[in-house]
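Student: Here's my sequence, what's the structure:
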Amino acid sequence: MSGARRDGAPRRLAAWDDRDRILSQAECAAIVERIERFTRGGGDTETRVQSWWAGELRWARNRVSLAGDRRDIVVQVMRTIRGAQGMAATNQLDDVSLEATVRAAERAAHLGSTDSRDFDEPRPPFTYAKTAIWSDVTYGRTAPERGAAARALIDPAEAAGMLSAGYLAVRAET
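Tutor: Below is the predicted model:
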């Protein structure tokens with residue numbers, strides 16, 4: 001199977017809106033609500049949702065050698081049923097995958113698993129503070145814009161007959 005469409009354009013394996021690189025607090029809360037609907041057999045459920053995005057650009061000898069955008073989502077579900085704990089994780093957000101993750105955590109709990117190293121005791125709900133280090137401008141920089149920033153550093157070095165090297169990285173996580 002070819003890596004390009006008939007019109008010559010590359011095929012995208014996944015479609016995403018580049019403005020929505022990480023999940024919002026509301027999207028995370030909706031995933032937790034969906035997980036809760038899938039639980040069976042009583043007990044407690046703890047769900048952790050993590051999404052991250054990273055953009056990077058590396059150059060050496062005045063030439064770009066690496067440019068990329070990476071992102072991932074991980075949903076961890078821990079079920080505690082009659083004192084036994086079980087945990088499962090997925091990076092798929094469709095209902096079938098989320099329900100399968102809940103079932104896997106429940107099966108692990110029924111098998112008597114007590115390995116909860118990745119989970120602390122449940123915390124009471126609280127209001128999350130807004131971070132003071134967030135920058136919408138930095139978060140919104142596209143790969144071509146990051147390339148232009150690197151070029152603004154490379155060009156003066158090149159004009160002076162010098163070599164430059166650098167690494168530009170941005171990351172957001174929720």
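Student: Kindly provide the distance from Val137 to Arg151.
Tutor: Distance, Val137 to Arg151, by CB to CB, to the nearest Å: 18 Å. (C-beta placed from N, C-alpha, C; glycine too.)
Student: Just want to know which of the two has more residues nearby.
Tutor: In this view Val137 and Arg151 are compared by other CB atoms under 10 Å, and Arg151 has more residues nearby, 13 against 7.
Student: in the helix or strand of the chain with the lowest mean pLDDT, what counts as buried?
Tutor: Taking mean pLDDT, DSSP states H and E as the measure, helix 136-140 is the helix or strand of the chain with the lowest mean score, a mean of 85. Under the neighbour-count criterion of 16 or more other CB atoms under 10 Å, helix 136-140 has nothing buried.
Student: and the next element down the chain from it?
Tutor: helix 143-159 (DSSP states H and E).
Student: Counting by contacts, list what that following helix packs against.
Tutor: Packed against helix 143-159 by the contact rule (3 or more CB pairs under 8 Å, 6 or more residues apart in numbering; DSSP states H and E) you find strand 44-60, strand 63-81, strand 166-173.
Student: Which strand or helix spans the nearest residue to Val77 once chain neighbours are set aside?
Tutor: Leaving out its chain neighbours, the residue that sits closest to Val77 by CB to CB, 6 or more residues apart in numbering is Ala105, at 4.6 Å. Using DSSP H and E, Ala105 sits in helix 95-110.
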